[in-house]
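Chemist: need coordinates for the following:
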Amino acid sequence: MEQTADIQQYWDVIKRRKFQIIIPAVLVFCLSVVIAFVLPPVFKSSATILIEAQEIPQDIVRTTVTGYVEERLQMITQIVMSRSRLLGIIGRFGLYEDLRDRYTTEEIVEKMREDIRMEPIQAEVINPQSGRPGSATIAFTVAYEGKNPAKVAQVANVLTSLYLEENLKNREEKARTTFEFLETQLAQLRSEILETEARIAEFKNKHISVLPELMQVNLQTMERLQREIGVKGGQIKTLANRKIYLEGQLATLEPVMYTVSLEGKRVMTPKEQLEILRSEYLGLRATLADEHPDVIAMKKKLDALAGEVATREDLRETYGELHDKETQLALISKKFSAKHPDVIRLEKEVARLKAEVEALSQKQSVLRAEHEKPENPSYINLQTQITSTQMEIESAHKDLNVLKQGYQDYQRRVEVTPQVEQQYRALERDYGNAQARYQETMSRLMAAREAKGLEESRMGEKFTLIDPPITPEKPDRPNRLAILLIGLVLAAGAGVGFGSMAEYMDHSVRRADELAKVAGHPVLAVIPYLETAQDRAKRLWRRLAFIGATVGLIVGGLAVLHYLYRPLDILWIQIMRELYIGF
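Modeler: Model prediction:
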């Protein structure tokens, strides 16, 4: 019973505030109708472009165009939406003629950029490298919005062609640029290799004998020369000993054979001759003056013979002492090392005695040559052997000097080789690095040539138009039906709001319980409103007017939908189709 009373109260409020509810609702709905049909239609034409991967697998031919698809799309978009391109399209199709008097060229270009839409289409894929799921751009749409459907389709076609052309142009340009760059790099590396080869050849010619690869040969040659020097030194030592021996033997012989003469007399020795000469010299001085020529000649002959006899005696004594020292040195060398003091002392004495023997032998030869000619065959034979030995010694010394000079030369080569090797290795390292970079660049150039051919033959990644732009048959916006529905909801809300506000601000007493609450006393009786015939007539006319206005509003709305939006039969079919699809 109480719920029925509440409903009755609401109904009474609606009847009292019907004009406060209806008028705002009608105004709001009419405003929404005006907005829905006054807004100019905007047509949209779009194209869908598929991003196809290259036909040949990447592991066979790898493209030189790198980077993400999104980056290339943004780059192409910036090229397509450049000021020069858009101004060309605006002038070609006569776009935005109504804005040219009110806006600047930059503002018109910016307006066209806002009317162009490029939206990527992504799909969930599996990354072949990591195996993780992710999103990848597989296609994108290019759309253009405008008031003229024919021009919208034409502009969309032009934009689509620009995207396709710029993609091909960009890929071919990158492939060609990469190929030309690698060709230039290869030519530079080839020149660098030739220059390094020339430097190496010049270096080898300049240091032909001290190259690192000859180090072992030089060392072996040094060892051989060292052995030959030792052999030659031993040979010289042997020859020197032989010469000393021969000179010692020579000192024991007389140049002239002192035999019996034809008269049967014995030929005297030099010592005996010396005694006789001394006697003759003393006798001659007794009879002649010292300045007499015979005395002077006799004196010279006496001095020469005395010197020879003294030298021969000294040579015999020195040679005997040398023989004893050599014997001692041979014995002591078997017991001690070469660094032992006694060995060193004896070696010095032997060397000194050899020098004395040599000096005495030469002196004796000079003295003999001055006063007599050798006739003894043994003496002459020893002299010949000594001369031959001396010549051999001189020849051996020459050979030794040549060997020492060669050894020093090879020693210098070995000493210089490390420095030369450092420079040579640096050149070889530069040459090896240049060769490695040349081979690497050559491989890259071959790959770039394949990639260039791939792009020129249109077998690389490419944009394929799968949904070309067409002339739109209906506006893309505004959605007039949605605006009307929203306006209807807003109209109902405005009517209820205004009615509720009017009722809330009206403090009139209209019910018995309100009167009892205000007066503080119970109501004894309620006298209903007595309606006259005139009141009933007014109420009837108001109802008829409301019904007529409602019918007229509905008919007017349907007429607007039919003539300005879409024919009612088509609209009805679409609504039924949507309902059918929804269910």
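
Chemist: you'd agree Gly487 is up against Ala25?
Modeler: No: at 10.0 Å, Gly487 and Ala25 do not qualify as touching, with contact defined as CB atoms under 8 Å. Where C-beta positions appear, they are placed from N, C-alpha and C, glycine not excepted.

Chemist: domains for the chain, by residue range?
Modeler: 2-33+476-582, 43-187+443-467 (automatic domain parsing).

Chemist: what's the most buried one of the ones you listed?
Modeler: domain 43-187+443-467 (a mean of 16; mean count of other CB atoms under 10 Å).

Chemist: first to last residue in it, what's the distance?
Modeler: Terminal residues of domain 43-187+443-467 lie 17 Å apart, using CA to CA, to the nearest Å.

Chemist: name the SS class of Glu145, please.
Modeler: Assigned with DSSP: H, G, I helix; E, B strand; the rest coil, Glu145 falls in the strand class.

Chemist: ok, Tyr103 next?
Modeler: Once three-state DSSP is applied, Tyr103 turns out coil.

Chemist: ok, for it, nearest residue in space, not its chain neighbours?
Modeler: Lys111 (7.3 Å; CB to CB, 6 or more residues apart in numbering).

Chemist: can you tell me the helix or strand for the one you found?
Modeler: Per DSSP states H and E, Lys111 falls inside helix 105-115.

Chemist: could you say what helices and strands the next helix or strand after that helix packs with?
Modeler: Sequence order places strand 116-126 as the next helix or strand after helix 105-115, per DSSP H and E. Applying 3 or more CB pairs under 8 Å, 6 or more residues apart in numbering; DSSP states H and E, we find strand 116-126 packed against helix 69-80, strand 133-146.

Chemist: quick one: strand 116-126 to strand 133-146, angle?
Modeler: On the basis of axes from the mean of the first three to the mean of the last three CA atoms, to 10 degrees, strand 116-126 is oriented at 160 degrees to strand 133-146.

Chemist: strand 116-126: partners in the sheet, and parallel or antiparallel?
Modeler: strand 133-146 (antiparallel) (DSSP bridges).

Chemist: contacts for the partner strand?
Modeler: 42-51, 69-70, 73, 95, 115-127, 152, 155-156, 159-160, 163, 466, 469, 476 (CB atoms under 8 Å, 6 or more residues apart in numbering).

Chemist: helices of the stretch 201-350 of the chain, start to end?
Modeler: 215-251, 270-287, 293-335, 341-371 (DSSP state H, counting those that start in this stretch).

Chemist: now do the last one, average pLDDT.
Modeler: The average pLDDT within helix 341-371 is 66.

Chemist: average pLDDT for the next helix or strand after it?
Modeler: Downstream of helix 341-371, the next assigned helix or strand under DSSP H and E is helix 377-456. For helix 377-456, the mean pLDDT works out to 83.

Chemist: does Lys325 touch Arg352 like I think?
Modeler: No: the criterion here is CB under 8 Å, and Lys325 misses it with Arg352 at 9.2 Å.

Chemist: of those two, which one has the most company?
Modeler: Lys325 (20 against 13; other CB atoms under 10 Å).

Chemist: if we can go back for a sec, from the contact counts, what lies against the helix holding Lys111?
Modeler: So helix 105-115, by 3+ CB pairs under 8 Å, 6+ apart, packs with helix 83-93, strand 133-146.

Chemist: ranking the ones you listed by mean pLDDT, which is last?
Modeler: The lowest average pLDDT among the helices and strands packed on helix 105-115, as it happens, falls on strand 133-146, at a mean of 84.

Chemist: okay, it in CSV with CA atoms only?
Modeler: C-alpha atoms of strand 133-146 as CSV (Å, rounded to 0.1, in the frame of the first residue of the first chain):
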residue,chain,number,x,y,z
PRO,A,133,57.0,-14.1,-27.8
GLY,A,134,56.8,-10.5,-28.9
SER,A,135,55.0,-8.1,-31.2
ALA,A,136,56.2,-7.2,-34.7
THR,A,137,54.9,-4.8,-37.3
ILE,A,138,53.5,-6.9,-40.2
ALA,A,139,51.6,-4.1,-42.1
PHE,A,140,50.4,-0.6,-41.8
THR,A,141,47.6,1.6,-43.0
VAL,A,142,47.8,5.0,-44.7
ALA,A,143,44.6,7.1,-44.5
TYR,A,144,43.6,10.6,-45.5
GLU,A,145,40.5,12.5,-44.3
GLY,A,146,38.7,15.3,-46.2
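
Chemist: okay, the angle between it and helix 83-93?
Modeler: Going by the same axes, to 10 degrees, strand 133-146 makes 40 degrees with helix 83-93.

Chemist: now the angle between helix 69-80 and strand 133-146, please.
Modeler: Using the same axes, to 10 degrees: strand 133-146 against helix 69-80 is 20 degrees.

Chemist: compute the inter-axis angle for strand 133-146 and helix 105-115.
Modeler: Using the same axes, to 10 degrees, strand 133-146 lies at 130 degrees relative to helix 105-115.

Chemist: among the helices and strands packed on helix 105-115, which is nearest Thr238?
Modeler: strand 133-146 (94.6 Å; CB to CB).

Chemist: make a markdown table out of the helices and strands packed on helix 105-115 and add distance to Asp569.
Modeler: What follows is the helices and strands packed on helix 105-115, written out as a markdown table (distance: least, CB to CB, whole Å):
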| stretch | distance to Asp569 |
| --- | --- |
| helix 83-93 | 36 |
| strand 133-146 | 29 |
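
Chemist: Ala537: which of those is closest?
Modeler: strand 133-146 (57.6 Å).

Chemist: adding distance to Leu246, write the domains of the chain out as TSV.
Modeler: Formatted as TSV, those follow (distance: least, CB to CB, whole Å):
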stretch	distance to Leu246
domain 2-33+476-582	132
domain 43-187+443-467	79
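
Chemist: mean pLDDT lowest where, among these?
Modeler: domain 2-33+476-582 (a mean of 71).

Chemist: quick one: Ala537 from Gln405, how far?
Modeler: 155 Å (CB to CB, to the nearest Å).

Chemist: what about Lys474, distance to Ser45?
Modeler: With CB to CB as the criterion, Lys474 and Ser45 are 12 Å apart.

Chemist: list the contacts for Arg477?
Modeler: 41-42, 44.

Chemist: got phi/psi on it?
Modeler: Here is the backbone geometry of Arg477 (degrees, to the nearest 10): phi -160, psi 160.

Chemist: quickly list what it is bridged to.
Modeler: Beta-bridge partners, per DSSP bridges, of Arg477: Val42.

Chemist: ok, residues contacting stretch 181-190?
Modeler: 434, 437-438, 441-442, 444-445, 448.

Chemist: would you turn those into TSV with distance to Arg199?
Modeler: Conversion of the contacts of stretch 181-190 to TSV gives the following (distance: CB to CB, whole Å):
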residue	distance to Arg199
Ala434	11
Arg437	17
Tyr438	16
Thr441	21
Met442	22
Arg444	26
Leu445	25
Ala448	30
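
Chemist: tell me the one among the residues you listed nearest to Gln78.
Modeler: Among the contacts of stretch 181-190, and counting by CB to CB, the member closest to Gln78 is Ala448, at 26.0 Å.

Chemist: surely that closest one touches Thr178?
Modeler: Yes: judged on CB under 8 Å, Ala448 makes contact with Thr178 at a distance of 4.9 Å.

Chemist: hmm, back to that, right, so of the helices and strands packed on helix 105-115, which gets closest to Ile229?
Modeler: strand 133-146 (81.4 Å).
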